[in-house]
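Engineer: Requesting a structural model of the entry that follows:
(chains A, B, C and D)
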There are 2 protein chains.
Amino acid sequence: MSGSNRPPTSRDLARLAGVSQATVSRVLTNSPRVSPDTRARVLQVLADANYTPNALARAMKTGRTDTIGVFMTRVTSPFHAALLDEIGRLLNQVGLHMILWNIEHDPEESVSEVIQQRLVDGFILTSATYTSKLHTIALASGTPTVLLHRGIDGLDCDQVVGDNWQGAYDAGRYLVEAGHRDIGLVTLEHTGNTSRDRDLGFRAALADGGISIKARNAITTAVGHADGHAAAQKLLSAKKPPTAIYTVTDLLAFGLLDGARALGVRVPDDVWVVGFDNTDMASWEAFDLTTVDQPVHAIVKAGIDLLRHRIADPSADTTIISLPCPLVVRGSTADTVIRRRGTTR
Amino acid sequence: MSGSNRPPTSRDLARLAGVSQATVSRVLTNSPRVSPDTRARVLQVLADANYTPNALARAMKTGRTDTIGVFMTRVTSPFHAALLDEIGRLLNQVGLHMILWNIEHDPEESVSEVIQQRLVDGFILTSATYTSKLHTIALASGTPTVLLHRGIDGLDCDQVVGDNWQGAYDAGRYLVEAGHRDIGLVTLEHTGNTSRDRDLGFRAALADGGISIKARNAITTAVGHADGHAAAQKLLSAKKPPTAIYTVTDLLAFGLLDGARALGVRVPDDVWVVGFDNTDMASWEAFDLTTVDQPVHAIVKAGIDLLRHRIADPSADTTIISLPCPLVVRGSTADTVIRRRGTTR
DNA sequence: GCCGGTTGTGAATACGTATACACACCTCTA
DNA sequence: TAGAGGTGTGTATACGTATTCACAACCGGC
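Structural biologist: As a prediction, this is how the structure comes out:
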């Protein structure tokens, strides 16, 4: 009933089956050099004992752990949660485990130690920033590494990102073409190229339309719902508030929408709002947010493919993939425009 | 620059320092039987080489991996994301890694294999259900295991849960005392004691107030936002809709609120809404939801303490902890009642 | 000046598996 | 019928570390 003894080893079972440990191992690894007879007998013994190989010993011998280390921040943020979910799903599909590290909670030194422990076959970094040394350490460790969602320009490392610049540009052009002239921007520090491109792409579209953002209408803030909320207070309680506001993440847009709600400002009647990410929540009635879609599934799929490829062949050329981010129009902008209630993803 | 050679082993460094591998190991494990001289010399060499012990080899020898396996479902759900975040944070604080398995994506057989691989020192299960055999397998493997958030009555296993029954009871009493007589309930199948207690506790409070829920006002549904939305359609488009609705999770309440929004039903003027979980989002203006707080931090803290205790002493008595879940009143109910804008957690 | 005890170190081993190597046996061809 | 080549199995070893055991050097007390 309890059975909390030492679990049986391949040697134990070899004795039981009347063969050598090597033969048991050969059966386990599907070596062709085992007679059908012996194989059947061993398999029977293995099944009877409900045996599972010790993953540690196997990893030590083979040098592979079948585990991928995933670095991530802010799991509670809707987009990151969706990203994590997808990473977990796809890793599982190909028989890989996931060790998850939340960089936010961890000083970088301790993380860098972890990186060198050879505990994983590869790394997935989802929050690369210019100032973080994580990707440097990971690459220096020689462990296959892929950057997802956030990339680093010019870094010699596999990367899969959404085309944030283009997505932001399309969002900007959409607002310009709808006739907006006073446009607000809620953005983040350019700590990585994701936030940078979502900012610059948008500005570029406005510039192409002959519009520039007034200084008082551009807010650089932190990443939370509360920060979007505060931005709404600033932007919308001005004498002449913008008629449309773009935020570089959905979460900021949610905060902004809630801030507008608190002020009694109507969306889209008084102000249009556009976000970026197309999280599930963006389609909820509470927000009904026009936003730029990030192809999470495609990003993760491509990233894991790249990573596995590199694990198999470490000398492969580095690949950088950029996937299109289409605009999804919903009710936060759509009073005058044909509306498409997309539920991509 | 690349340095992608084989990483140095303790034996390599022993040679460099002019000592035996055993001595290096003694330094690494802080053994007292090393002369200050030798220790200093070895430490210098280790630092110069930027050496990190191979975690696999160490784990194989010591039998400890310093890694905890976490089983979870639906990471994209706000409450689960918060739970995961907290688990990651607290594990990190005590120097433990986390392997995350999303049970949803994985057939149970493959998970059960994982459980027996001795890859982790302990398990945290956050979604125990009556029908799942996960906890059985985990316990049978002899690996220390703790059930968080969802427990199994009568199971001989450490458990930390919120007092769902009491929380639900308080929610029910709150509605009764506010004078509601036609009350709606959106609940889940009783797949675990969490959903069961949140259902039965609420009904008990109503019964104590002499109220029973009309059959047409009790909806058993699935766990998503869309399901709460659909429940709103059913409950609120009736001829005589309930004046208050309680849902057993915040996520269902969000869907319900969105459904009400779509129907033009005002909250709390036309109907009160109460949820359960007190996720961050519940405090957003979009929802401003009265809900029962789950003490996530306390649950995770106690759970990890319990787990570490059991890892240290496997024969310890099993402990079952139930933590109070206080009602947090917000705008989805508070038009006639004194309002407390709690931001517990 | 001999001896029990302490201190620091190295040699050897074990953790559980995968695999290189050796070898005995069988089969087939010349 | 002998030798070449294939087939199935066992023996031995290696992965990198922690730890046991042995032992040399030193120390203090008679």
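Engineer: What degree of burial does the closest residue to A:Ala262 other than its chain neighbours show, as a neighbour count?
Structural biologist: Leaving out its chain neighbours, the residue that sits closest to A:Ala262 by C-beta to C-beta, 6 or more residues apart in numbering or on different chains is B:Glu285, at 5.3 Å. C-beta coordinates here come from the backbone N, C-alpha and C atoms, glycine included. Applying other C-beta atoms under 10 Å in any protein chain shown, we find 19 residues neighbouring B:Glu285.
Engineer: From A:Gly122, how far off is B:Glu285?
Structural biologist: 42 Å (C-beta to C-beta, to the nearest Å).
Engineer: Let me know the distance separating A:Gln117 from A:Ser141.
Structural biologist: Applying C-beta to C-beta to A:Gln117 and A:Ser141 gives a distance of 9 Å.
Engineer: swap in A:Glu109?
Structural biologist: From A:Glu109 over to A:Ser141 (counting by C-beta to C-beta), the distance is 14 Å.
Engineer: for A:Trp101, what are its contacts?
Structural biologist: Applying C-beta atoms under 8 Å, 6 or more residues apart in numbering or on different chains to A:Trp101 gives the contacts A:Gly69, A:Val70, A:Phe71, A:Met72, A:Val111, A:Val114, B:Gly88, B:Asn92, B:His97, B:Met98.
Engineer: The residues you listed in strands, which ones?
Structural biologist: Per DSSP state E, strands hold the following members of the contacts of A:Trp101: A:Gly69, A:Val70, A:Phe71, A:Met72, B:His97, B:Met98.
Engineer: Now the first one: closest residue in space that isn't a chain neighbour?
Structural biologist: So that's A:Gly69. A:Val120 (4.0 Å).
Engineer: Just after the helix or strand where A:Lys234 lies, pick out the following helix or strand.
Structural biologist: Per DSSP states H and E, A:Lys234 falls inside helix A:225-236. Next in sequence after helix A:225-236, counting helices and strands by DSSP H and E, comes strand A:244-247.
Engineer: could you say what helices and strands that following strand packs with?
Structural biologist: Where contact means 3 or more C-beta pairs under 8 Å, 6 or more residues apart in numbering or on different chains; DSSP states H and E, strand A:244-247 is packed against helix A:164-177, strand A:183-188, helix A:225-236, helix A:250-263, strand A:272-277.
Engineer: do that again at 10 Å, thanks
Structural biologist: With contacts defined as 3 or more C-beta pairs under 10 Å, 6 or more residues apart in numbering or on different chains; DSSP states H and E, strand A:244-247 has these neighbours: helix A:164-177, strand A:183-188, helix A:193-208, strand A:218-221, helix A:225-236, helix A:250-263, strand A:272-277, strand A:290-293.
Engineer: so how far is the fifth one from its chain's centroid?
Structural biologist: Helix A:225-236 has its average C-alpha position 26 Å from the chain's average C-alpha position, going by C-alpha atoms, centre = their mean, to the nearest Å.
Engineer: Same check on the longest one?
Structural biologist: Mean C-alpha position of helix A:193-208 versus that of the full chain (C-alpha atoms, centre = their mean) differs by 21 Å.
Engineer: again with the fourth one
Structural biologist: The offset between the C-alpha centroid of strand A:218-221 and the centroid of the whole chain comes to 24 Å, using C-alpha atoms, centre = their mean.
Engineer: Likewise for stretch A:87-97?
Structural biologist: 14 Å.
Engineer: Could you do stretch A:284-291 as well?
Structural biologist: 21 Å.
Engineer: what comes up buried for it?
Structural biologist: Neighbour-count burial for stretch A:284-291, counted by 16 or more other C-beta atoms under 10 Å in any protein chain shown, picks out A:Trp284, A:Glu285, A:Ala286, A:Phe287, A:Asp288, A:Leu289, A:Thr290, A:Thr291.
Engineer: What helix or strand is the second one located in?
Structural biologist: Meaning A:Glu285. Per DSSP H and E, there is no helix or strand for A:Glu285.
Engineer: That one reaches B:Leu257, doesn't it?
Structural biologist: Yes. Between A:Glu285 and B:Leu257 there is a contact under C-beta atoms under 10 Å: 8.3 Å.
Engineer: okay, and the common contacts of the two?
Structural biologist: Each of B:His225, B:His229, B:Ala232, B:Ala286 lies in contact with both A:Glu285 and B:Leu257 under the rule C-beta atoms under 10 Å, 6 or more residues apart in numbering or on different chains.
Engineer: Give the lowest-confidence helix or strand of chain A, using mean pLDDT as the measure.
Structural biologist: helix A:108-115 (a mean of 81; mean pLDDT, DSSP states H and E).
Engineer: Which strands or helices does the next helix or strand after that one pack on?
Structural biologist: Moving toward the C-terminus from helix A:108-115, the next helix or strand (DSSP H and E) is strand A:122-125. Judged by 3+ C-beta pairs under 10 Å, 6+ apart, strand A:122-125 is in contact with strand A:67-72, helix A:78-93, strand A:97-102, helix A:134-140, strand A:145-148, strand A:158-162, helix A:296-312.
Engineer: can the ones you listed go into a markdown table with extra columns for mean pLDDT and distance to A:Asp277?
Structural biologist: Formatted as a markdown table, the helices and strands packed on strand A:122-125 follow (pLDDT from 0 to 100; distance: least, C-beta to C-beta, whole Å):
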| stretch | mean pLDDT | distance to A:Asp277 |
| --- | --- | --- |
| strand A:67-72 | 95 | 15 |
| helix A:78-93 | 96 | 4 |
| strand A:97-102 | 92 | 19 |
| helix A:134-140 | 90 | 22 |
| strand A:145-148 | 97 | 14 |
| strand A:158-162 | 97 | 9 |
| helix A:296-312 | 97 | 9 |
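Engineer: quick one: which of those is nearest B:Leu236?
Structural biologist: helix A:78-93 (26.2 Å; C-beta to C-beta).
Engineer: And for the residue of the stretch 201-345 of chain A found nearest DNA strand D, nearest residue in space, chain neighbours not counted?
Structural biologist: Taking C-beta to the nearest atom of the strand, DNA strand D has its nearest neighbour within the stretch 201-345 of chain A at A:Pro314, 16.2 Å off. Sequence neighbours aside, A:Pro144 is the residue nearest to A:Pro314 in space, at 6.3 Å (criterion: C-beta to C-beta, 6+ apart).
Engineer: and the one you found, what does it touch?
Structural biologist: Counting by C-beta under 10 Å, 6+ apart, A:Pro144 touches A:68, A:120-124, A:138, A:157-158, A:306-314, A:316.
Engineer: Let me know the distance separating it from chain B.
Structural biologist: 10 Å (C-beta to the nearest C-beta, to the nearest Å).
Engineer: quick one: that residue from B:Ile103, how far?
Structural biologist: 27 Å.
Engineer: Enumerate every residue touching the nearest residue to A:Asp258 once chain neighbours are set aside.
Structural biologist: Spatial nearest neighbour of A:Asp258, excluding adjacent residues (C-beta to C-beta, 6+ apart): B:Glu285 at 3.8 Å. Residues near B:Glu285 by C-beta under 10 Å, 6+ apart: A:225, A:229, A:232, A:254-255, A:257-263, A:286, B:331.
Engineer: Could you tell me which residues of chain A lie near DNA strand C?
Structural biologist: Counting by C-beta under 7 Å from any atom of the strand, the residues of chain A close to DNA strand C are A:6, A:9-11, A:21-22, A:25-26, A:28-29, A:53-54, A:57-58, A:60-62.
Engineer: Intersect those with the contacts of DNA strand D.
Structural biologist: A:Gln21, A:Ala22, A:Arg26, A:Ala57, A:Met60, A:Lys61.
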